[in-house]
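Colleague: Give me the fold of what follows.
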Amino acid sequence: MQDPYLYLIIATAGLVGLAIVSVASLRGWNGWLDLKRAELGRRAEDSAPPSAAARIEVADLKERIRKLEAIAAGVDL
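Modeller: Next up, the predicted model:
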């Protein structure tokens with residue numbers, strides 16, 4: 001014989017379990033977002049203008065990328 005209360009108890013327990021998992025996941029997500037906000041805030045405070053050597057290195061990397069893209073496109077330099 002099927003007990004209707006058994007199904008009601010199982011459904012209620014499933015919903016409670018789903019609610020607990022959902023709340024825990026949302027708290028974890030909010031914690032991760034807070035961490036990323038703190039990292040961005042700290043990075044904005046600590047940022048100094050790049051040195052000349054860093055700018056030269058970035059320009060060199062951009063030039064290399066431009067050459068590789070030209071090679072990939074089949075263009076002779």
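Colleague: where are the low-confidence patches of the protein?
Modeller: 1, 44-48, 76-77 (pLDDT under 70).
Colleague: How many neighbouring residues does Tyr7 have?
Modeller: Tyr7 is flanked by 10 other residues according to other CB atoms under 10 Å. Any C-beta I mention is one placed from the backbone N, CA and C, and that applies to glycine too.
Colleague: Ignore what I typed, I meant Pro4.
Modeller: By other CB under 10 Å, 7 other residues sit near Pro4.
Colleague: Distance of it relative to Ile10?
Modeller: According to CB to CB, to the nearest Å, Pro4 stands 11 Å off from Ile10.
Colleague: cool, Ala53 as well?
Modeller: Taking CB to CB as the measure, Ala53 and Ile10 are separated by 66 Å.
Colleague: now Leu61
Modeller: Counting by CB to CB, the gap from Leu61 to Ile10 is 60 Å.
Colleague: The chain - how does it break down into domains?
Modeller: 1-46, 49-77 (automatic domain parsing).
Colleague: now the helices: where do they sit in the protein?
Modeller: 4-46, 52-73 (DSSP state H).
Colleague: and the last one, how far out from the chain's middle?
Modeller: Spelled out, that is helix 52-73. Using CA atoms, centre = their mean, to the nearest Å, the mean C-alpha position of helix 52-73 is found 27 Å from that of the whole chain.
Colleague: same question, stretch 20-34
Modeller: Per CA atoms, centre = their mean, the centroid offset for stretch 20-34 relative to its chain is 14 Å.
Colleague: Would you mind writing the CA trace of that stretch as PDB?
Modeller: In PDB, the C-alpha atoms belonging to stretch 20-34 read as follows (Å, rounded to 0.1, in the frame of the first residue of the first chain):
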ATOM      1  CA  ILE A  20      20.200  24.600   1.500                       C
ATOM      2  CA  VAL A  21      22.400  23.900  -1.500                       C
ATOM      3  CA  SER A  22      21.100  27.000  -3.300                       C
ATOM      4  CA  VAL A  23      21.700  29.300  -0.300                       C
ATOM      5  CA  ALA A  24      25.200  27.800   0.200                       C
ATOM      6  CA  SER A  25      26.000  28.300  -3.500                       C
ATOM      7  CA  LEU A  26      24.800  31.900  -3.500                       C
ATOM      8  CA  ARG A  27      26.900  32.700  -0.400                       C
ATOM      9  CA  GLY A  28      29.900  31.200  -2.100                       C
ATOM     10  CA  TRP A  29      29.300  33.200  -5.200                       C
ATOM     11  CA  ASN A  30      28.900  36.400  -3.300                       C
ATOM     12  CA  GLY A  31      32.100  35.700  -1.400                       C
ATOM     13  CA  TRP A  32      33.900  35.100  -4.600                       C
ATOM     14  CA  LEU A  33      32.600  38.400  -6.000                       C
ATOM     15  CA  ASP A  34      33.700  40.300  -2.900                       C
END
